[in-house]
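Enquirer: Model the structure of this input:
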Amino acid sequence: MTDLSQLKFYATQPHPCSYLPGKQATTLFLDPQQPLDVETYSELSDMGFRRSGNHLYRPHCGDCNACIPARVPVAVFEPNSQQKRILKKNRDLQVEEISPFPSDEIYDLYQRYICARHADGDMYPPNREQFASFLVKDWHFCRFFTFRDATNKLLAVAVTDKMANGISAVYTFFDPEEHKRSLGRFAILWQIEHTRSLDMDAVYLGYWIKDCRKMNYKTEYRPVEMLVNQRWVRLT
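Expert: Numbers count the residues shown, from 1 in each chain. The predicted structure is shown next:
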């Protein structure tokens, strides 16, 4: 087990919150010089940390605790009727696991996704350097799962990290024109099933924020567990 007391962390200065307008945020980062092995990553994930690029971080806001880590315990998850329809719509897709690779095809999909779905966010406008620093990491626990239709057209990519205690759903981007497939939700459903097939515990979804509409989907996967006062509490 990693001796977490020996790790160094750094807090940022307050900065505008990316999720709640008018709020200031502070972020706690693991020292980027710290070697990031699976054991350390897994233990910190259980404490609410999340990975973005080279950094493991956690919100550290003095007067706000709106960002609540969420995960799906896969052994007891049961898809609802809407989720079953999404699974049925996408049963034709072929999934392949690959190493993180910024191919032209993958980057083009990412670029179209950001421009169509997140033009109001801090990842717009997309560029190759930003894409690579955010998602393309040569770590053995980081994987791309590609989703293709019968014509071999790339429809979605799920960026995931395989930890000791489960899978971290880092990011998913998909063809914005295929809205009828609900590809973002399908990617999570697929990762839940994949994690269960690996006999692992949970899919970590990142932070749920009650007053942020874009985060509402994370409570659709029931039961869901929230990290409250350093305890994972299950909501059915």
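Enquirer: can you pull out the strands in this protein?
Expert: 9-11, 15-16, 24-25, 27-30, 50-52, 55-59, 68-73, 94-98, 142-148, 154-162, 166-174, 202-208, 224-228, 231-235 (DSSP state E).
Enquirer: So which elements touch the second one?
Expert: Put plainly, it is strand 15-16. Counting contacts by 3 or more CB pairs under 8 Å, 6 or more residues apart in numbering; DSSP states H and E, strand 15-16 is packed against strand 24-25. From N, CA and C alone the C-beta is placed, and that goes for glycine too.
Enquirer: Can you list the strands that the strand it packs on pairs with?
Expert: Strand 24-25 sits in its sheet next to strand 15-16 (antiparallel), going by DSSP bridges.
Enquirer: one step back: mean pLDDT and distance to T40 added to the strands of the chain, as TSV?
Expert: Formatted as TSV, the strands of the chain follow (pLDDT from 0 to 100; distance: least, CB to CB, whole Å):
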stretch	mean pLDDT	distance to T40
strand 9-11	95	12
strand 15-16	92	26
strand 24-25	94	24
strand 27-30	96	8
strand 50-52	93	11
strand 55-59	94	8
strand 68-73	98	17
strand 94-98	97	23
strand 142-148	97	15
strand 154-162	97	12
strand 166-174	97	13
strand 202-208	97	15
strand 224-228	97	18
strand 231-235	96	19
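Enquirer: Redo those as JSON lines? Include distance to F131.
Expert: Shown next, in JSON lines, are the strands of the chain (distance: least, CB to CB, whole Å):
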{"stretch": "strand 9-11", "distance to F131": "25"}
{"stretch": "strand 15-16", "distance to F131": "22"}
{"stretch": "strand 24-25", "distance to F131": "24"}
{"stretch": "strand 27-30", "distance to F131": "21"}
{"stretch": "strand 50-52", "distance to F131": "13"}
{"stretch": "strand 55-59", "distance to F131": "16"}
{"stretch": "strand 68-73", "distance to F131": "25"}
{"stretch": "strand 94-98", "distance to F131": "16"}
{"stretch": "strand 142-148", "distance to F131": "12"}
{"stretch": "strand 154-162", "distance to F131": "11"}
{"stretch": "strand 166-174", "distance to F131": "10"}
{"stretch": "strand 202-208", "distance to F131": "19"}
{"stretch": "strand 224-228", "distance to F131": "29"}
{"stretch": "strand 231-235", "distance to F131": "32"}
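Enquirer: To L135, which of the ones you listed lies closest?
Expert: Closest to L135 of the strands of the chain is strand 154-162 (CB to CB; 5.1 Å).
Enquirer: What pairs with that closest one, parallel or antiparallel?
Expert: Strand pairing (DSSP bridges) places strand 154-162 next to strand 142-148 (antiparallel), strand 166-174 (antiparallel).
Enquirer: Alpha carbons of the shortest one, as PDB, please.
Expert: The reference is to strand 142-148. Provided in PDB are the C-alpha atoms of strand 142-148 (Å, rounded to 0.1, in the frame of the first residue of the first chain):
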ATOM      1  CA  CYS A 142      -4.700   4.500 -20.000                       C
ATOM      2  CA  ARG A 143      -6.600   3.000 -22.900                       C
ATOM      3  CA  PHE A 144      -8.800   4.100 -25.800                       C
ATOM      4  CA  PHE A 145     -11.900   2.100 -26.600                       C
ATOM      5  CA  THR A 146     -13.100   2.800 -30.100                       C
ATOM      6  CA  PHE A 147     -16.700   2.200 -31.200                       C
ATOM      7  CA  ARG A 148     -17.400   1.600 -34.900                       C
END
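Enquirer: How much space separates the residue lying closest to R112 once chain neighbours are set aside from A156?
Expert: In space, and not counting its chain neighbours, R112 is closest to P176: 6.1 Å by CB to CB, 6 or more residues apart in numbering. From P176 over to A156 the distance is 11 Å, taken as CB to CB, to the nearest Å.
Enquirer: Sweet, I'm off.
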